[in-house]
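Student: the following block contains a protein sequence and its predicted model.
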Amino acid sequence: MSDQTSYLGISGKTALVTGSARGIGFAIAESLGKQGANIIVSDILEDLANEAAQKLNDQGVKSIAVAGNISKSEDVDLLFKTAKDEFGGVDILVNNAGITRDNLLMRMDENAWDSVIAVNLKGSFLCTKAAARGMMKKRAGRIINVASIVGIIGNAGQANYSASKAGIIGLTKSSAKEMGARGVTVNAVAPGYIATDMTDNLPQEVKDAFLNVTPLKRPGTPDDIARAVMFLASDEAAYITGQVLNIDGGMVM
């Protein structure tokens, strides 16, 4: 247990975090692990996933890595079978995995559209469906989806990404209505401009434009997202479901 605020109901639970080999996903996995959760690192990048799981184990967190493509149902089935075999199932699911293939709509090809929708939205659907079985049977569970503020306000050059994140918000609300009576909460966080490897590659003028419309005048950090996810995963958020929490420094208000 870390010396940070203790979040009730996380210790001893098993958390599966997709796209958690690095960036926001790893920060979420590390934060939940510090609160006593067992961690399943899920990522398509096998070597990085193994490294992330080892780093968590070195910190005293029980962790395993499962590589796979969450847009493929067979990979998701294996992921959840492994979770059941190793830890007895998944108590906390964080749908974080996501990719970008940015371009203006008129220049965007079908592959750029299909690949983003497949990973970001279909992957979240497949993982949510797989997690729901066990959670609803136990009448307990937490699902937190990582959306984006562009799923709320849109963004030029990101029609595919924005559509996928808007879809995740719809998935969140519908899932929350379906699962609530069985004690499962489903919420989403919508990050704004967060300093990660993905945003590091943006042109400086794009970064400046984001900061200009962010009242706090700084990018967020992966830990800013992780702390919110940790709260939503805890018993302290037991009466919160179907919500979208913007974590954006005030960009969307």
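Tutor: Sure thing, it's come through.
Student: can you map out the helices along the stretch 51-200 of the chain?
Tutor: Using DSSP state H, counting those that start in this stretch, the helices of the stretch 51-200 of the chain run over 73-87, 110-116, 123-138, 150-153, 159-179, 197-200.
Student: what would those look like in TSV with distance to Asn57, mean neighbour count and mean pLDDT?
Tutor: (C-beta placed from N, C-alpha, C; glycine too.) Listed next are the helices of the stretch 51-200 of the chain as TSV, based on distance: least, Cβ to Cβ, whole Å; neighbours: other Cβ atoms under 10 Å; pLDDT from 0 to 100:
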stretch	distance to Asn57	mean neighbour count	mean pLDDT
helix 73-87	13	16	98
helix 110-116	32	15	98
helix 123-138	23	20	97
helix 150-153	34	18	97
helix 159-179	30	20	98
helix 197-200	23	12	78
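Student: out of the ones you listed, which is closest to Ile144?
Tutor: The closest of those to Ile144 is helix 159-179. By Cβ to Cβ, the value is 8.9 Å.
Student: for that closest one, list the C-alpha coordinates in CSV.
Tutor: The C-alpha coordinates for helix 159-179 follow below in CSV (Å, rounded to 0.1, in the frame of the first residue of the first chain):
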residue,chain,number,x,y,z
ALA,A,159,-12.9,12.3,-37.6
ASN,A,160,-12.1,8.7,-37.1
TYR,A,161,-10.6,9.1,-33.6
SER,A,162,-13.4,11.5,-32.5
ALA,A,163,-16.1,9.1,-33.8
SER,A,164,-14.5,6.2,-31.9
LYS,A,165,-14.4,8.2,-28.6
ALA,A,166,-17.9,9.5,-29.1
GLY,A,167,-18.9,5.9,-29.5
ILE,A,168,-17.1,4.9,-26.3
ILE,A,169,-19.2,7.5,-24.5
GLY,A,170,-22.4,6.0,-25.9
LEU,A,171,-21.1,2.5,-25.0
THR,A,172,-20.5,3.8,-21.5
LYS,A,173,-24.0,5.1,-20.9
SER,A,174,-25.7,2.1,-22.5
SER,A,175,-23.6,-0.4,-20.5
ALA,A,176,-24.2,1.5,-17.3
LYS,A,177,-28.0,1.2,-17.8
GLU,A,178,-27.8,-2.5,-18.6
MET,A,179,-25.5,-3.5,-15.7
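Student: contacts for it, please.
Tutor: Contact with helix 159-179 is made by 95, 98, 100-102, 105, 108, 112-113, 116-117, 120-121, 124-125, 128, 132, 135-136, 141, 143, 145-148, 150-152, 154-155, 185-188, 190, 241-242, 244, as judged by Cβ atoms under 8 Å, 6 or more residues apart in numbering.
Student: how about stretch 233-248?
Tutor: By Cβ under 8 Å, 6+ apart, stretch 233-248 touches 7-10, 15, 32, 35, 92, 94, 142, 144, 147, 149, 152, 169, 172-173, 176-177, 180, 185-193, 214, 220, 224-225, 228, 231-232, 252-253.
Student: just the buried residues of those.
Tutor: By neighbour count, with 16 or more other Cβ atoms under 10 Å, those hold 7, 9-10, 15, 32, 35, 92, 94, 142, 144, 147, 149, 152, 169, 172-173, 176, 185-193, 214, 220, 224-225, 228, 231-232 as buried.
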